[in-house]
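Asker: this is a predicted model, with the sequence first.
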Amino acid sequence: MKGALRIVYPPQCMGCGETVGQTGALCPACWRETDFIAGAACACCGTPLPGDGSFAEDVIHCDECLATPRPWLRGRAAMTYRGAGRKLVLMLKHGDRLDIAGALGDWLADAATPLIMPRMVVAPVPLHLRRLFHRRYNQAELLAGRVARQHGLDLMPGLLQRHRHTPPQDHRGAVERFANLQGSIRVRPALVPLIAGRPVLLVDDVMASGATLGTCAQALLDAGSGPVRVAVLARAVKDP
């Protein structure tokens, strides 16, 4: 039956719809336009850096992380937020393409492998209920579920609450982004005892300034969690 379905409905590229060899794959053109982060990268936020990554990854930080200390310890990103990578993120986030969440989540799970710790909890960046009502799903939660499943970790989708609605972060500067989110995210009180001293992996679809992840990480630390690490599907980077 599956073979017959593949003949009638052959697998399509996640990016453009061209026929590909297997479900969840990219065609050669979209693959070339997807900037996976495979070499040297900032140990804190995952942004790509010059080099091949052959030296100790925990000693290199990008200028942005040196200038803006992060409340989390380490971070990873699967790809940069440009080209086909940006297109895929927007398809998942705003295009109701839940069918690609599994493959994108697997990419993120692979990128997050160096961050995994014993007893770690996986928590997605939350959406406010108003935004969740309009979007109907939280893309960060879909990705986090895949990461938790691949690494055998505990998923806590409701660990963080965005209890104050904030305007979108798009087109805001770094200072505005941080101010916009201040006091908007907290740990759900009933779940505080479950994270006492336990490391947490924060998951989101995109990191730009890091304001959202920073607010979430600080809320976790204030609630008594162990060290916080972050994994994002895509890292926004400046054009060369």
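Answerer: Right, received. Where do you want to start? None of the values given here were measured: they were computed from a predicted structure.
Asker: CA only for contacts and neighbour counts going forward, please
Answerer: OK.
Asker: measure Cys16 to Cys44 for me?
Answerer: Distance from Cys16 to Cys44, counting by CA to CA, to the nearest Å: 32 Å.
Asker: helix or strand next in line after the lowest-mean-pLDDT helix or strand in the chain, which one?
Answerer: Every helix and strand of the chain was ranked by mean pLDDT, DSSP states H and E. The lowest is helix 2-8, at a mean of 47. Sequence-wise, the next helix or strand downstream of helix 2-8 (DSSP states H and E) is helix 28-32.
Asker: which residues sit against that next one?
Answerer: Gly15, Cys16, Ala84 (CA atoms under 8 Å, 6 or more residues apart in numbering).
Asker: do the same with stretch 147-154
Answerer: Residues from elsewhere that reach stretch 147-154, judged by CA under 8 Å, 6+ apart: Gly105, Asp106, Leu108, Ala109, Ala112, Ile116, Arg119, Met120, Val121, Val122, Leu155.
Asker: would you mind giving these as CSV with neighbour count and secondary structure added?
Answerer: Shown next, in CSV, are those (neighbours: other CA atoms under 10 Å; DSSP: H, G, I helix; E, B strand; the rest coil):
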residue, neighbour count, secondary structure
Gly105, 27, helix
Asp106, 20, helix
Leu108, 26, helix
Ala109, 27, helix
Ala112, 23, coil
Ile116, 18, coil
Arg119, 14, coil
Met120, 24, coil
Val121, 24, strand
Val122, 28, strand
Leu155, 21, strand
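Asker: which residues of this protein score low on pLDDT?
Answerer: 1-8, 52-58, 164-183, 240 (pLDDT under 70).
Asker: the helices in it, which residues?
Answerer: 2-8, 28-32, 63-67, 83-94, 101-111, 129-135, 139-151, 174-181, 211-222 (DSSP state H).
Asker: now the third one, how far from the centre of its chain.
Answerer: Between the centre of helix 63-67 and the centre of its chain there are 20 Å (CA atoms, centre = their mean, to the nearest Å).
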